[in-house]
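In: I would like to see how this sequence folds:
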Amino acid sequence: MNRRSREGVARAKELFQEIIDAEPDSGMGYAGLADAHVLTAVQGHAPPQQVWPEAKAAAERAVELDANLAEAHASLGLIRSFYEWDWKNAAQEFDRAIELNPGYVTARQRRATYLSRLGRHDEAIEEIQRAREIDPLSLSVSPSAGVIYSMAREHNMAVEQFKNNLELASDYYRTYMALGRCQLETQDFTGGGSLHSTGPPSFRGITRSWWRLWRLVMGGPVITMRHESCLSN
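Out: Predicted coordinates for the structure are as follows:
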């Protein structure tokens, strides 16, 4: 599930459900199922109006079963922030998760993203740096760090994070997507063509869609066509 592929997430949901079927009181099983539902929703693999309530129910059940489980509180914090936009309670859940397990990277990653969305960029950068120190090889943390730097308008640092992640896994689609968003913001397409054109073939169509969307929204046919020429290889 860490690579966020559609097949991986679907398989994770099956495995977590098997855990729950075998151990109905497994808070960890429900927390994992909640996370898998969230990934299904944000990646568009199922109708959000169906999956988000399932994720919420699983996360709340996880906390109900084990109030001292960091993973459960981190899952519920994700629901509070991304689904309900309940910033106050989201903060409480992330803080509780880190209190229970300071080394739980996912909790720190999610708290950093939460802080970034609120415009608290210095705190967000500090938190994501902690997460990277704990797990410098995490495929999911590095793209998140790049997005957080980009949100803080630290675009050079953002691109550095994305390129570092590509060295770890050149076929990890989230890195390409995040790098593409960063380039959209800066309108700097000079270095992105080679990165995107050498990425996974299945990703190139997604990348083209980003630039075509930019053309529609921002009215930039010259920029878009120029970048698409890099993707046509």
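In: Quick one: the helices in the chain, in order.
Out: Using DSSP state H, the helices found in the chain span residues 6-22, 27-42, 48-65, 70-78, 87-100, 105-117, 121-134, 141-151, 155-168, 173-186, 192-197, 201-218, 221-231.
In: so can I have CSV of those showing mean neighbour count?
Out: The C-beta positions use only the backbone N, C-alpha and C, and glycine is treated the same way. Below are the helices of the chain laid out as CSV (neighbours: other CB atoms under 10 Å):
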stretch, mean neighbour count
helix 6-22, 14
helix 27-42, 23
helix 48-65, 19
helix 70-78, 27
helix 87-100, 18
helix 105-117, 23
helix 121-134, 18
helix 141-151, 25
helix 155-168, 18
helix 173-186, 21
helix 192-197, 19
helix 201-218, 15
helix 221-231, 15
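In: Make CSV from those and add mean pLDDT to it.
Out: Formatted as CSV, the helices of the chain follow (pLDDT from 0 to 100):
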stretch, mean pLDDT
helix 6-22, 91
helix 27-42, 93
helix 48-65, 95
helix 70-78, 97
helix 87-100, 97
helix 105-117, 96
helix 121-134, 96
helix 141-151, 86
helix 155-168, 79
helix 173-186, 67
helix 192-197, 43
helix 201-218, 48
helix 221-231, 37
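In: Once you drop chain neighbours, what's closest to S81?
Out: The spatial neighbour of S81 that comes closest, neighbours along the chain excluded (CB to CB, 6 or more residues apart in numbering), is A90 at 3.8 Å.
In: hang on, isn't that neighbour packed against Y83?
Out: No. Look at A90 against Y83 with CB atoms under 8 Å: they stay out of range, at 9.8 Å.
In: Distance from the chain centre to stretch 105-122, please.
Out: 11 Å (CA atoms, centre = their mean, to the nearest Å).
In: coming back round to it: give the contact list for the residue nearest to S81.
Out: By CB atoms under 8 Å, 6 or more residues apart in numbering, the contact set of A90 is 77-78, 80-81, 84, 114.
In: before we move on, what about A152?
Out: A152 sits next to 116, 121-122, 124-125 when contact means CB under 8 Å, 6+ apart.
In: please redo it, this time with the cut-off set to 7 Å
Out: Taking CB atoms under 7 Å, 6 or more residues apart in numbering, we find A152 in contact with 121, 125.
In: The one 5 residues further on now?
Out: Contact criterion CB under 7 Å, 6+ apart gives Y149 as the residues in contact with M157.
In: before we move on, what about T113?
Out: Under the criterion of CB under 7 Å, 6+ apart, the neighbours of T113 are 144, 148.
In: I'd like the distance between it and A90.
Out: 10 Å (CB to CB, to the nearest Å).
In: And E167, by the same measure?
Out: 33 Å.
In: Report the spatially nearest residue to E54, omitting neighbours in sequence.
Out: Take E54 and drop its neighbours on the chain: the residue closest to it by CB to CB, 6+ apart is H37, 4.9 Å away.
In: unless I'm mixing things up, the one you found is touching P53, no?
Out: No. Using CB atoms under 7 Å, H37 is not in contact with P53, being 9.0 Å away.
In: Please work out how many residues are found near H45.
Out: H45 has 12 neighbouring residues, counting by other CB atoms under 10 Å.
In: thinking it is in contact with R6, fair?
Out: Yes. Applying CB under 7 Å, one finds H45 in contact with R6, separated by 5.6 Å.
In: hmm, back to that, any idea how far the residue nearest to S81 lies from L118?
Out: Distance of A90 to L118, computed by CB to CB: 10 Å.
In: Also E14?
Out: Going from E14 to L118 by CB to CB gives 35 Å.
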